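Undergrad: Need a 3D model of the following:
(one chain, ligands or ions: 3)
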Amino acid sequence: MERRQFLSLMAAVAGTPLVARCARLATPSPPKVYRSESGSLAVALTASLGRVSLGGRSATLMTYNQQIPGPQLEVRPGDRVQIRFTNALDQPTNLHYHGLHLPPTGLADDPFRTVAPGETALYDFQIPDAHPSGFFWYHPHFHGLVAQQVFHGLAGTIIVRGDEVPGNVDHLPELQAAQEAVLVLQDFDLDRRGQVREPMPPFRMWGRQGDLITVNGQVQPRFNLPQGGLLRLRILNASASRVYQLQLADHPWWLAATDGRSLTAPVAQESVILAPGERADLLVPGDRDPGSYALLSLPYDRGIAAMAGSMMGHGSMMGRGTVDTEEPQTIATLDYGGTTASESGTSILVNLPTALGTVETLPEPSIVREFVFDHGIDPETHDPFLINGRAFGHHRVDTQVQVGTVEDWVLINKAGMDHPFHLHTNWFQVISRNGQPEPLRAWKDVVNLRPYETVRIRIPFRDFAGKTVYHCHILDHEDQGMMGIVEMV
Ligand code: C2O
Ligand code: CU
Ligand code: CU
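TA: Ligands and ions are numbered 1, 2, ... in the order given. Sure thing, here's the model as predicted:
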């Protein structure tokens, strides 16, 4: 879509009364939710390609159960989860449970599994009893096709609710009384017929992105907040490559969780940057004047502007999705609906909680390893994105670690482009960036490496043995080699 058409589409959408002002307090068609009951969740998911409605138009996308985003799975610690997964695509795929602490083996969270076209496969696992509550997600992980499948829409959310587990935050009265809104951010590049465009070769290098930004499959949805109430926004970047810089215009918000895991206390934020795969919980107290507040996506340069300029000789040739073609845009709007918290059935006026969960201090590491992220040519596969000089090799274990130990990984970005690092199975804490101690103690499963940045993370390898992966979450980079295998023994 041309930018001009895009803008007129946005204007058309903005002029339509999407939500009646007096509507009940609810988010507009949130993802369908499947909740576990008496300790178990059994669902059927089907990945398929087909026509769906996206932001008021029709598009040919890949979906789980014909929904954009896919259904939301809600479980509790200790639950058994059984997913009958059917691949109705014409290409292989599989499922990965991003951020869940699960075995990387068997029928649980094995990223090396193949579910062939036409096949129905069972995923069967138990959420550990001590699993923290939080906000996670699932998406395909079949190496070589991940960017394409995610960019066609495949993604769904997982919420672990753990109010009985010590250290979890869902039991806090303020959070129990809060209104929760899950926001899944996806971007699309559609042609006139609603087909996803194949990216031009440079976009495969930079990471494909589109300028149609959707929130829960909608363009500029509105969210209501009762005056005096508290809104808990749980935002997921489910885009293949796009990095979002988000701001709530003229309204304060507080960061309460990073990558789904609670902080020790809310932290006031100006803007929040989410690289692909990252999540943020933000608390918004409805204590300002009634009105409408825009959730803005601000321009963000992940290092491709300079590269594009040098490759093409001129910045204006860069085309869609690069920073010089973008302006701040409203991706959702928050309305104070005019009702008060007590009228809407919330019995207390909700304050910000002063304290949240606990985030443990990790012991000193037993091993420090270095990982260098760079561009080049792998001698065997000829893939262009490398970690420690090598592109992904299916049969090569790059790193072996001991279960029960703590390691520091020093992640060195030698390239002029963002490379968001992600590790499966275990969470980590950021210790320092470019030698500066990280001020916020927090759990993460993705950390964005800015151009030429060095980030030191501390990882406790816990509970599960087996092989899994770490990789760049710009999914075109992962597909083109920026992934390694870690074996936990
Ligand atoms: Cu969100 Cu290896 O993935
Ligand atoms: Cu993951
Ligand atoms: Cu990358």
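Undergrad: got any ranges where this structure has weak pLDDT?
TA: For the chain, applying pLDDT under 70 flags the ranges 1-30, 166-167, 306-325, 338-349.
Undergrad: And the residue nearest the centre of it, how far from Thr405?
TA: The centroid of the chain falls nearest to Gly277 when counting by CA atoms, centre = their mean (3.0 Å). Computed as CB to CB, to the nearest Å, the Gly277 to Thr405 distance reads 25 Å. Where you see a C-beta, it was placed from the backbone N, CA and C, and this is true even at glycine.
Undergrad: Count the residues that sit near the residue in the chain positioned nearest to ligand 2.
TA: Closest to ligand 2 within the chain is His98: 3.6 Å, counting by CB to the ion. Applying other CB atoms under 10 Å, we find 25 residues neighbouring His98.
Undergrad: from now on call the first residue 732
TA: Got it, the first residue is 732 from now on, which makes the last one we talked about His829.
Undergrad: which one is it nearest to, not counting chain neighbours?
TA: Leaving aside its chain neighbours, His829 sits nearest to Trp868 (5.0 Å; criterion: CB to CB, 6 or more residues apart in numbering).
Undergrad: In which helix or strand does that neighbour reside?
TA: strand 865-870 (DSSP states H and E).
Undergrad: What parts of this protein come near ligand 3?
TA: The chain comes close to ligand 3 at residues His1150, Cys1203, Ile1205, His1208, as judged by CB under 5 Å from the ion.
Undergrad: Got a PyMOL select line for the buried ones in these?
TA: To isolate the buried ones among those in PyMOL, judged by 16 or more other CB atoms under 10 Å, type:
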select buried, resi 1150+1203+1205+1208
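Undergrad: now, which of the residues of the chain next to ligand 3 sits nearest ligand 1?
TA: Cys1203 (9.6 Å; CB to the nearest ligand atom).
Undergrad: so the closest one makes contact with Phe1116?
TA: Yes - counting by CB atoms under 8 Å, Cys1203 touches Phe1116, with 6.8 Å between them.
Undergrad: Which neighbours do those two have in common?
TA: Glu1209, Met1213 (CB atoms under 8 Å, 6 or more residues apart in numbering).
Undergrad: burial measure for the closest residue to Tyr975 other than its chain neighbours, as a count.
TA: Excluding the flanking residues, the one nearest Tyr975 by CB to CB, 6+ apart is Leu1005, at 4.8 Å. Neighbour count of Leu1005, defined by other CB under 10 Å: 25.
Undergrad: need the contact list for Leu1005.
TA: If you count contacts by CB under 8 Å, 6+ apart, Leu1005 has them with Leu916, Ile966, Leu967, Asn968, Val974, Tyr975, Leu977, Ala1011.
Undergrad: partners of the second one in the sheet?
TA: Put plainly, it is Ile966. Going by DSSP bridges, Ile966 is paired in beta bridges with Leu914, Ala1011.
Undergrad: Can you get me a residue count around it?
TA: Ile966 has 23 neighbours, counted by other CB under 10 Å.
Undergrad: again, but for His1126
TA: Other residues within reach of His1126, judged by other CB under 10 Å, total 5.
Undergrad: The one 3 residues further on now?
TA: Counted by other CB under 10 Å, the residues lying close to Asp1129 total 18.
Undergrad: Secondary structure element holding the closest residue to it other than its chain neighbours?
TA: Distance criterion CB to CB, 6+ apart; nearest residue to Asp1129, sequence neighbours excluded, is Gly1215 at 3.9 Å. Taking DSSP H and E as the definition, Gly1215 sits inside strand 1214-1219.
Undergrad: now the end-to-end length of stretch 851-868.
TA: End-to-end distance for stretch 851-868: 21 Å, by CA to CA, to the nearest Å.
Undergrad: The residue nearest to the centre of the chain touches Ala971, doesn't it?
TA: No - applying CB under 8 Å as the test, Gly1008 and Ala971 come out as separate, 10.1 Å apart.
Undergrad: Where do the strands of the stretch 882-1031 of the chain begin and end?
TA: Taking DSSP state E, counting those that start in this stretch as the criterion, the stretch 882-1031 of the chain carries its strands at 887-891, 910-919, 943-946, 953-958, 961-968, 975-979, 984-989, 992-1000, 1002-1005, 1010-1016, 1023-1029.
Undergrad: by contact count, what packs against the second one?
TA: Think strand 910-919. Secondary-structure packing of strand 910-919 (3 or more CB pairs under 8 Å, 6 or more residues apart in numbering; DSSP states H and E): strand 887-891, strand 943-946, strand 953-958, strand 961-968.
Undergrad: In CSV: the ones you listed, plus distance to ligand 2.
TA: Below are the helices and strands packed on strand 910-919 laid out as CSV (distance: least, CB to the ion, whole Å):
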stretch, distance to ligand 2
strand 887-891, 11
strand 943-946, 22
strand 953-958, 27
strand 961-968, 12
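Undergrad: for the closest residue to ligand 1 within the chain, phi and psi?
TA: Nearest to ligand 1 in the chain, going by CB to the nearest ligand atom, is His829, at a distance of 3.6 Å. Torsion angles at His829 (phi, psi; degrees, to the nearest 10) stand at phi -70, psi 120.
Undergrad: give the contact list for Val806.
TA: Going by CB under 8 Å, 6+ apart, Val806 touches Arg766, Ser767, Leu772, Val812, Ile858, Ile889, Ile890, Val891, Arg892.
Undergrad: So which of the residues you listed wins on neighbours?
TA: Using other CB under 10 Å as the neighbour criterion, Val891 leads the contacts of Val806 with 26 neighbours.
Undergrad: how about it, what does it touch?
TA: Glu805, Val806, Arg807, Pro808, Leu831, Ile858, His862, Pro863, Ser864, Gly865, Phe867.
Undergrad: if we can go back for a sec, relative to Pro871, how far out is the residue nearest to Tyr975?
TA: Counting by CB to CB, the gap from Leu1005 to Pro871 is 20 Å.
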